[in-house]
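Participant: sequence and predicted structure are below.
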Amino acid sequence: MDFNLSNLPTRSKSEEEHVKVLILGSGPAGLSAALYVARASLNPVVLSGIEIGGQISLTYSIENYPGFPDGIGGMELYELFQKQAERFGARIEIDIADEVDLSDRPFRVKTQNGKLYLAESLIISTGASAITLNVPGEKEFTGKGVSYCGTCDGWFFKGKDVVVVGGGDSALEEGIFLTRFANSVTIVHRRDQLRAGPILQERARNNPKIDFVWNKIVTEVTGNGSVQSVQLRDTITGEESEQDTNGLFVFIGHKPNTQLFEGQLDMDELGYLIVDQKMRTNVAGVFAAGEVADPHFRQVITSAGMGAAAAMEAGHFLDEIVGYNR
Ligand code: NAP
């Protein structure tokens, strides 16, 4: 990617801001980092990113974040994270990083709102986004029956029949959630063994509105203005079939949001940022936390922990390497 922020048009002072720590992303990793950086009196600025609150804001209920024995709504947890970080001086901007230049410090981050941040240290917590099936009709019917978020769109399927694709925790959790609205939920999985954990498996198998279709993939989405059916292929026999449905919910995993850093930061073969135990990337002063750097655990609690660790290391970096006087 060709980054040359020095060629940007001359900016007025108000469009440029020099910050000690800039945090990209407002999910659990970003807001936990913001809390720790703020409590170290380093006045962090958080750029919210496209999905404010990250993936938790799209989650109906989170039951495995300690401290909430009855579970907590994703949006509610986001608001608590935000309130706590802001209480100590974090500033959250509704804005998106467009271009990043890490070739020199201060790092230069240009945003969609036309602002240029000069950051002594950067914490990247841009998370991950839903993977699409990449089949004919999927793009055409997105928002017209194809969805990647049951919490956001479930209500539109009151009394309707929907298909869910995937066999992981997300597919089952969202499939169970969709039974609040839908008449029936058919979970289509490419194998005959679910990847999801046992509690969700049991809940889904015991839900009278949920059916499973094993060893099948969706090869096409068809309809007329909105989704009417999906074409299926048997992964063992190759046999083709059609399933009538009003909606298609796709939960087949996520890809890290790292396109901005291509050619600048080390990534693995799937595009996840590579960090060491101290959340350091290959560029001194640039740290990464949460799902953007974690292809393995991807939990709210692990992301929050990584965010706190990145924040503490950013503090050490500024103290020891840059010699910042707080
Ligand atoms: P995931 O665990 O990676 O599961 C993705 C599922 O989609 C797998 O069953 C996979 O099949 C299937 N799949 C992948 N590509 C496909 C394709 N092209 N066509 C059809 N099927 C495809 O993703 P996830 O469910 O989003 O979960 C991500 C992480 O978040 C996991 O670590 C999970 O534990 C966590 N999570 C936890 C909770 C919770 O604890 N309540 C809730 C949601 C997510 P195979 O099984 O054959 O690979």
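Facilitator: Yep, it's here.

Participant: for Arg39, grab phi and psi.
Facilitator: Main-chain torsions, Arg39, degrees, to the nearest 10: phi -70, psi -10.

Participant: what's the spacing between it and the ligand?
Facilitator: As judged by C-beta to the nearest ligand atom, to the nearest Å, Arg39 and the ligand stand 28 Å apart. Placement of C-beta: from N, CA and C, glycine included.

Participant: so how far is Ala311 from that residue?
Facilitator: Arg39 sits at a distance of 9 Å from Ala311 (criterion: C-beta to C-beta, to the nearest Å).

Participant: so between those two, which is more surrounded?
Facilitator: Ala311 (29 against 17; other C-beta atoms under 10 Å).

Participant: report the contact partners of that one.
Facilitator: By C-beta atoms under 8 Å, 6 or more residues apart in numbering, the contact set of Ala311 is Val21, Ser32, Ala33, Ala34, Leu35, Tyr36, Val37, Ala40, Pro44, Ile123.

Participant: distance of Glu239 relative to Thr219?
Facilitator: From Glu239 across to Thr219, the span is 12 Å (C-beta to C-beta).

Participant: neighbour-wise, which of those two wins?
Facilitator: Thr219 (14 against 11).

Participant: just checking, next helix/strand downstream of the helix or strand Ala34 falls within?
Facilitator: Using DSSP states H and E, Ala34 maps to helix 28-39. Sequence order places strand 45-47 as the next helix or strand after helix 28-39, per DSSP H and E.

Participant: so which elements touch that following strand?
Facilitator: Secondary-structure packing of strand 45-47 (3 or more C-beta pairs under 8 Å, 6 or more residues apart in numbering; DSSP states H and E): strand 16-24, helix 28-39, strand 91-93.

Participant: most neighbours per residue, which of these?
Facilitator: Stretch with highest mean neighbour count among the helices and strands packed on strand 45-47: helix 28-39 (a mean of 29; mean count of other C-beta atoms under 10 Å).

Participant: average model confidence for that helix?
Facilitator: Mean pLDDT, helix 28-39: 98.

Participant: okay, and the common contacts of Glu239 and Thr219?
Facilitator: Common contact partners of Glu239 and Thr219 (C-beta under 8 Å, 6+ apart): Arg233.

Participant: buried residues of the longest helix anywhere in the chain, list them for me.
Facilitator: Among the elements of the chain assigned as helix by DSSP state H, the one spanning the most residues is helix 300-316. For helix 300-316, a neighbour-count test (16 or more other C-beta atoms under 10 Å) marks 300, 302-315 as buried.

Participant: hang on, the earlier thing: out of the contacts of Ala311, who's nearest Gln193?
Facilitator: Using C-beta to C-beta, Ser32 is the member of those that lies nearest Gln193, at 34.2 Å.

Participant: okay, the closest one and the ligand: tell me how far apart.
Facilitator: 17 Å.

Participant: among the buried residues of helix 300-316, which are in reach of the ligand?
Facilitator: Applying C-beta under 6 Å from any ligand atom, the subset of the buried residues of helix 300-316 adjacent to the ligand is empty.

Participant: and the helix holding Ala34 with strand 16-24, angle?
Facilitator: 130 degrees (axes from the mean of the first three to the mean of the last three C-alpha atoms, to 10 degrees).

Participant: name the helices or strands packed onto helix 28-39?
Facilitator: In terms of contacts (3+ C-beta pairs under 8 Å, 6+ apart), helix 28-39 is packed against strand 16-24, strand 45-47, helix 74-87, strand 116-124, helix 300-316.

Participant: and the ones you listed as JSON lines, adding mean pLDDT and distance to Ser147?
Facilitator: Output for these, formatted as JSON lines (pLDDT from 0 to 100; distance: least, C-beta to C-beta, whole Å):
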{"stretch": "strand 16-24", "mean pLDDT": "97", "distance to Ser147": "26"}
{"stretch": "strand 45-47", "mean pLDDT": "98", "distance to Ser147": "26"}
{"stretch": "helix 74-87", "mean pLDDT": "96", "distance to Ser147": "16"}
{"stretch": "strand 116-124", "mean pLDDT": "98", "distance to Ser147": "28"}
{"stretch": "helix 300-316", "mean pLDDT": "97", "distance to Ser147": "22"}
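
Participant: between the ones you listed, which gets nearest to Cys149?
Facilitator: Between Cys149 and those, the tightest spacing by C-beta to C-beta is seen for helix 74-87, at 10.7 Å.

Participant: what are the buried residues along stretch 268-288?
Facilitator: Gly271, Tyr272, Leu273, Val275, Met279, Arg280, Thr281, Val283, Gly285, Val286, Phe287, Ala288.
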